[in-house]
Structures are given as structure tokens and as C-alpha cells.
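*Asks:* Mind folding the following:
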Amino acid sequence: MTVKVRPAVPGDRKGWTDFVLRSNNGTIFHLPAFMDYHPEGRFRNEHLVAEDADGGLCAVIPGALEVRDGVTWLRSYPGASYGGPVLNDEASLSFVESLMDALLDYCRGRGFGVLEMTMPPSVYFRRPHDYVDFALTNRGFSYSKRELTAVIDLRRLGEEMDLAFRESARRGVRKAMKSGLTVVEDRDFSRFYPVLAGNLKDRHGVNPTHTLRELYRLESLLGPEKIRQFVTVDDKGEVLAGMVMFHANPRVTLAFYISHNEKHQARRPVNLVYREVIEWSRYMGYNYLDLGTFTLNGEVNHGLCRFKESFTARGQFRNTLVGKI
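*Replies:* Numbers count the residues shown, from 1 in each chain. Below is the predicted model of the structure:
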């Protein structure tokens with residue numbers, strides 16, 4: 001099977017976008033509009049497209065170059081949760097193997113030394129398969145990271161949704177409601193952002209992945225239907241907790257940010273926002289809700305794991321493959 005890999009050019013943008021939207025495994029992170037939010041110079045982009053023997057687009061691969069100890073890495077994609085090749089529904093094992101061979105040949109021709117990919121978990125696929133992992137591991141690649149992300153199968157919750165939750169989760173929701181808290185959708189990111197930034201700084205000494213300005217830029221690039229914010233408020237309208245949701249693809253909505261004000265933790269505002277976002281996700285027709293990872297470099301945050309599991313989430317691998325070229 002003949003596959004040719006070449007650098008993407010500006011004229012590929014519309015075809016790239018259309019391909020991702022129709023694809024088997026494309027996500028919001030594979031879209032040119034998402035990658036546009038990064039300021040110029042943050043990454044040395046090396047986006048690639050694959051064409052078949054007839055010159056038709058058959059895969060897209062977002063990427064960027066990074067030099068480590070004198071070796072050039074092609075990473076797919078450092079500015080996104082997920083990368084790797086975007087494939088259509090018809091992609092067979094034979095095609096994926098040909099694609100990986102063509103990609104590795106391209107990298108060798110450019111003098112790159114290492115290839116790194118973080119593929120979306122299987123729930124993001126319309127037709128799940130592990131052909132990329134198989135092809136790369138058969139070519140000497142290994143898993144440099146295998147984190148667990150908490151996924152709720154929304155299709156299995158049943159009509160009496162709350163009965164699927166553990167008693168601890170239901171109890172927290174009841175407590176939040178009894179204390180007068182409610183959840184609303186709010187397009188003003190500036191109201192939740194201080195809660196998010198303060199919590200991350202106090203607990204982990206880090207800043208949010210996106211600045212407040214970048215969140216607004218992402219919304220303007222992608223459209224308001226792709227990024228939604230839900231907040232738990234008290235009777236005075238103060239934001240006590242919230243979630244920022246990314247429309248990953250038609251099957252999965254991703255809770256990119258979840259946080260709460262520690263001062264009000266006893267009122268369980270985060271329990272309530274979990275419950276209401278789960279209900280909203282089902283109403284919107286998603287099959288899965290990804291609540292994000294509860295491991296870091298293979299170490300489990302057991303408290304976070306138990307909390308997410310209490311709302312029926314179960315861990316799925318978010319794999320990063322790396323190999324010398």
C-alpha cells in the first residue's frame with residue numbers, strides 16, 4: 001500500500017479540518033483552530049499530512065519539533081492532551097503499518113532522532129482499535145507513560161442515574177443542595193478562573209495550562225459550543241466550584257478543568273457540579289464523559305481516584321509511545 005507523508009501547507013487547512021471532523025478518532029486537539037491559540041514561537045510546528053497513491057488525503061498528524069541533548073524529537077502534539085495520527089473509519093491494519101513506515105521514513109529523511117505520540121484513549125474512537133500502538137511497538141517503540149484517565153460510560157447509568165453513584169457521592173450532592181447551592185452554565189471564564197488558579201497554586205504550586213486570555217481566545221477560535229463552563233454558586237452568586245468542558249468529539253466531552261474553593265469544601269460544591277455536568281452530558285448525547293487523569297507519572301492519587309470512581313468513572317489508559325527513528 002502506497003502512502004506518502006509530507007509537510008502540511010496553508011492550503012491543507014480546510015481539508016485537514018474536514019478530515020478530522022469526519023474521522024474515526026479525531027478530537028478538538030487535532031483541529032488547526034485549536035492549535036492556532038498557541039502564540040507564535042511557542043512550538044516549532046511540524047504538521048504532516050498523508051496521501052494515498054491517488055493523492056487523496058488519508059491521514060493527518062499534528063506535530064512539533066523539540067531538541068533534547070542535540071537530538072530532534074517529533075512530538076505529536078506537545079500543546080495538546082492528545083495527538084497521534086487522525087484516521088478514517090476504513091483504516092485497516094495494513095494501512096496503518098504503511099502509514100507508520102512512511103512517517104518513520106519521512107522522519108529519517110529530515111534527520112529526526114525520536115518520535116513521540118500520545119494517542120486518544122479508545123473511547124474517543126468511533127471504531128476502536130489499537131493498530132497504531134501495534135505498528136509502533138512492532139517497530140521498537142515503547143510506552144514512556146501510561147496514565148489513567150477517569151471515564152464515565154454515560155450509556156450505562158440508567159434512567160435512575162443517581163442510583164449508579166456511590167452513597168458518598170449522593171450524600172455530597174444532597175448536602176450541597178441543602179446548603180442552597182446551585183449549578184449554572186456561565187460563559188464568563190473570569191468568574192471561575194481565580195478559583196481554579198488559586199486551588200492549583202495552593203495545592204500543586206502550578207498555574208492552569210491556559211491563561212485566562214487563552215481560554216477566551218480558544219472560545220473565539222473554536223466557537224462557544226466547543227467550550228462550556230459550569231459553576232456551583234451560593235445564594236449570593238459567589239462561585240464555589242466549577243468545570244470547564246471541552247467538546248472533544250461527538251462521542252466524548254472532556255472536563256479539562258475541575259476545581260473548587262477549599263474554604264467551602266464542606267458544602268460539597270464540587271459534588272454538585274459533577275452531578276449536574278453528568279446529567280448535562282447525557283442530555284447532550286455524549287457517550288462518555290472524561291474527567292481527566294488521577295495518576296501522574298504512574299503514581300496514583302488515591303483520594304482523587306476514589307472520588308471520581310464514586311460517580312461511576314473507571315480508569316482508561318492515556319498512552320504515550322516513544323521510539324528512536
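*Asks:* any residues touching the helix or strand hosting V20, and which ones?
*Replies:* Per DSSP states H and E: V20 is located in helix 13-22. Contacts with helix 13-22, where a contact means Cβ atoms under 8 Å, 6 or more residues apart in numbering, come from 8, 26-27, 30-33, 47, 49, 57, 60, 86, 88. All C-beta atoms are positioned from the backbone trio N, CA, C, and that covers glycine.
*Asks:* Just the buried ones from those?
*Replies:* A8, G26, T27, H30, L31, P32, A33, H47, V49, V60, V86, N88 (16 or more other Cβ atoms under 10 Å).
*Asks:* so what's R217 up against?
*Replies:* Contacts of R217 (Cβ under 8 Å, 6+ apart): Y37.
*Asks:* Which ones among the buried ones among the contacts of helix 13-22 lie within strands?
*Replies:* The strands, defined by DSSP state E, take in V49, V60 from these.
*Asks:* Can you name the two of the buried ones among the contacts of helix 13-22 that sit furthest apart?
*Replies:* A33 and N88 (20.0 Å; Cβ to Cβ).
*Asks:* where does the stretch 101-250 of the chain have low pLDDT?
*Replies:* Counting by pLDDT under 70, the stretch 101-250 of the chain contains no low-confidence segment.
*Asks:* what about the strands in it?
*Replies:* 114-118, 142-153, 182-185, 227-233, 239-249 (DSSP state E, counting those that start in this stretch).
*Asks:* The last one versus helix 13-22: what angle between them?
*Replies:* Right, strand 239-249. Put simply, strand 239-249 runs at 100 degrees to helix 13-22, going by axes from the mean of the first three to the mean of the last three Cα atoms, to 10 degrees.
*Asks:* Counting by contacts, list what strand 239-249 packs against.
*Replies:* In terms of contacts (3 or more Cβ pairs under 8 Å, 6 or more residues apart in numbering; DSSP states H and E), strand 239-249 is packed against helix 189-204, strand 227-233, strand 252-260, helix 269-283.
*Asks:* Determine the set of other helices and strands touching the last one.
*Replies:* With contacts defined as 3+ Cβ pairs under 8 Å, 6+ apart, the secondary structure elements packing on helix 269-283 are helix 167-178, strand 182-185, strand 227-233, strand 239-249, strand 252-260, strand 288-293.
*Asks:* contact partners of that helix?
*Replies:* 152, 154, 157, 161-162, 165, 169, 172-173, 175-177, 181-183, 230-232, 240-243, 245, 253, 255, 258-261, 289, 311.
*Asks:* In helices only, show me the buried ones among the contacts of helix 13-22.
*Replies:* Taking DSSP state H, the ones among the buried ones among the contacts of helix 13-22 that sit in helices are P32, A33.
*Asks:* if we can go back for a sec, for E147, find the nearest of the helices and strands packed on strand 239-249.
*Replies:* It's strand 252-260; of the helices and strands packed on strand 239-249, that one is closest to E147 (Cβ to Cβ) at 14.1 Å.
*Asks:* quick one on the thing from earlier: quick check: buried residues in the helix holding V20?
*Replies:* W16, T17, F19, V20.
*Asks:* cool, and stretch 309-325?
*Replies:* 309-313, 315-323, 325.
*Asks:* Equivalent analysis for stretch 278-298, please.
*Replies:* So, applying 16+ other Cβ under 10 Å, buried residues of stretch 278-298: 278, 280-282, 286-295.
*Asks:* need the longest helix for the chain.
*Replies:* helix 93-110.
*Asks:* Report all helices and strands that it contacts.
*Replies:* Helix 93-110 packs on strand 4-7, strand 48-51, strand 57-61, strand 114-118, helix 131-137, going by 3+ Cβ pairs under 8 Å, 6+ apart.
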